[in-house]
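Q: task: produce atomic coordinates for the following.
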Amino acid sequence: MAENLPYSTSVGTLEKILEKIKSASVPERFTQDFVNTKLAMKGGTANACIPILKKMGLVGGDGSPTELYREYRNPKKARTALGKAFKRLYERLYEMNEYIHDADDGDVLGLIVECTGSEKNSTATKYTLSTFNMLRKHADFELEDEEYEPSEPSAPNPIKLEQQLSNLHQPNQNTNTNAKGINLSYTINLNLPATKDIEVFNAIFKSLKQHILDQ
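A: From the prediction side, this is the model:
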C-alpha cells in the first residue's frame with residue numbers, strides 16, 4: 001500500500017529554521033508568530049515547516065517544544081538529536097532498510113518510489129529526496145563510544161592496601177592466649193581494579209607476599 005512521505009517544498013528554509021532554533025530561546029509554543037518574529041523567517045514557506053517539525057518530534061501536537069527539541073539545542077547533542085528525529089520522520093523507510101541513512105541516492109530514490117507509489121521524476125519525489133538528504137547531512141546516527149564510556153574505577157591506594165593487609169595479620173588483642181589447638185586460615189578475595197597501570201598491580205601483589213604469603 002502506497003504511503004506518503006513527509007517533505008519540504010523549501011528545503012533551504014527548513015535548514016535555516018533548524019539552525020536558528022539552536023540559538024533562539026525555547027518558546028512556550030512554536031507558532032507562526034515565533035517563526036516570523038523570533039526566528040525572523042517570514043512567509044508561507046517558513047510557516048509550512050511547522051508541520052514537518054511536528055512529524056520529526058521536535059514540536060508537540062499542541063505546538064509545545066519537546067524534550068528532543070531541547071536536546072537538539074545542546075551543541076554536543078544536536079546531531080544525535082536530529083538523527084533521532086530523522087528516524088522518526090522516515091520510520092516507514094527504516095522498515096524497508098534499517099540502514100537507510102547510509103544508503104546512496106539511487107537506493108533511497110528507489111525506496112521512496114516503492115513506498116509512495118509516485119513517479120521517479122515527480123516533483124514530490126524530488127522534494128522528498130532533497131529533504132531526506134538535507135536532514136541526514138546534519139545528523140548523526142550512531143553514538144560515539146567515548147560519550148558513553150563508563151568511567152574507570154579508581155585504583156586502590158597501594159599504601160592503604162598495605163596497611164589493611166598488615167592489620168589483617170595482627171593478633172587480636174582480646175584473643176585468649178591460653179587457647180590451644182586452634183588453627184586459623186584466611187580466605188582472601190581480591191577485586192582487582194580496572195586499570196592499565198602495572199604499578200598498581202605490583203603494589204598489590206608485593207603487599208600480599210610481604211604480609212600474608214611470607215608469614
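
Q: I'd like to know how far residue 140 sits from residue 69.
A: Separation of residue 140 from residue 69 (CB to CB, to the nearest Å): 17 Å. For the C-beta atoms, the positions are set from N, CA and C on the backbone; glycine is no exception.

Q: okay, the two: which has more neighbours?
A: residue 69 (21 against 17; other CB atoms under 10 Å).

Q: list the contacts of stretch 99-112.
A: The contact list for stretch 99-112 (CB atoms under 8 Å, 6 or more residues apart in numbering) reads 5, 83, 86-87, 90, 93-94, 96-97, 118, 120, 125, 128-129, 132-133, 136, 139, 141.

Q: write a ChimeraX command that selects only the buried members of the residues you listed.
A: For the buried members of the contacts of stretch 99-112, the matching ChimeraX selection, counting by 16 or more other CB atoms under 10 Å, is:
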select :5,83,86,87,90,93,118,125,128,129,132,136,139,141
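
Q: in helices, which of the contacts of stretch 99-112 appear?
A: Judged by DSSP state H, the subset of the contacts of stretch 99-112 located in helices is 83, 86, 87, 93, 94, 96, 125, 128, 129, 132, 133, 136.

Q: and those as a markdown table, adding distance to residue 210?
A: A markdown table is the format used below for the ones in helices among the contacts of stretch 99-112 (distance: CB to CB, whole Å):
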| residue | distance to residue 210 |
| --- | --- |
| 83 | 55 |
| 86 | 60 |
| 87 | 58 |
| 93 | 65 |
| 94 | 61 |
| 96 | 66 |
| 125 | 77 |
| 128 | 73 |
| 129 | 71 |
| 132 | 67 |
| 133 | 67 |
| 136 | 61 |
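
Q: now, the most widely separated pair of these?
A: Maximum pairwise distance in the ones in helices among the contacts of stretch 99-112, criterion CB to CB, is 23.4 Å, between 83 and 125.

Q: helices of the chain, start to end?
A: 11-23, 32-33, 44-47, 49-55, 67-73, 78-89, 91-96, 105-116, 123-137, 158-168, 198-208.

Q: got a list of contacts for the shortest one?
A: Judged by CB under 8 Å, 6+ apart, the contacts made with helix 32-33 from elsewhere in the structure are 47, 50.

Q: would you single out the least confident of the helices of the chain?
A: When those are ranked by mean pLDDT, helix 158-168 comes last with a mean of 55.
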